[in-house]
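Enquirer: how would this look folded up:
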Amino acid sequence: QVQLEESGGGLVQAGGSLRLSCAASGRPFNVMAWFRQAPGKEREFVGTITWSAWSGGRTTYSDSVKGRFTISRDKAKNTMYLQMNSLKPEDTAVYYCANSPRTVVSAPDYEYWGQGTQVTVSS
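Expert: Numbers count the residues shown, from 1 in each chain. Just a heads-up that it's a prediction; the model follows:
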């Protein structure tokens, strides 16, 4: 069983930065991901990072966040991070971390999910 817990959300002005954390317990599959969901919208892929020590922490990003967001991991702390810079009002959403054996962008392909953390970007 894998448990994921996000933290670090909050209210920030446009152009600002936030760093989200996702603490993992258990034996996660090799791919950790961030998704987000705005009110009235479907859950949207943000990016992934490979988890195991031998995988090199390879990352992927959606076009909407590429160049602004950075995903990293600290294996010693079993924690994944999402550094969000140059935030825009359209980044406002509940952000979720998720876990899967494969690098995929579809939410249904992820088996484990955290409870989410709210990020609100004011204009």
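Enquirer: from here on, contacts and neighbour counts on C-alpha atoms
Expert: OK.
Enquirer: quick one: secondary structure of residue 64?
Expert: The local conformation at residue 64, judged by DSSP: H, G, I helix; E, B strand; the rest coil, is coil.
Enquirer: contact partners for the closest residue to it other than its chain neighbours?
Expert: For residue 64, ignoring the flanking residues on the chain, the nearest one in space by CA to CA, 6 or more residues apart in numbering is residue 46 at 7.9 Å. For residue 46, the contact set (CA atoms under 8 Å, 6 or more residues apart in numbering) comprises 33-36, 61-62, 64-65.
Enquirer: for beta bridges, what are the partners of the spatially most central residue of the chain?
Expert: Averaging the C-alpha coordinates of the chain gives a centre point, and the residue nearest to it by CA atoms, centre = their mean is residue 34 (2.4 Å). Listed by DSSP bridges, the beta-bridge partners for residue 34 are residue 47, residue 97.
Enquirer: tell me the contacts of it?
Expert: Residues in contact with residue 34 (CA under 8 Å, 6+ apart) are 45-48, 82, 95-98.
Enquirer: follow-up on the earlier one: from residue 39, how far out is the residue nearest to residue 64?
Expert: With the distance defined as CA to CA, to the nearest Å, residue 46 ends up 16 Å from residue 39.
Enquirer: what's the answer for residue 53, then?
Expert: The span separating residue 53 from residue 39 equals 36 Å under the rule CA to CA.
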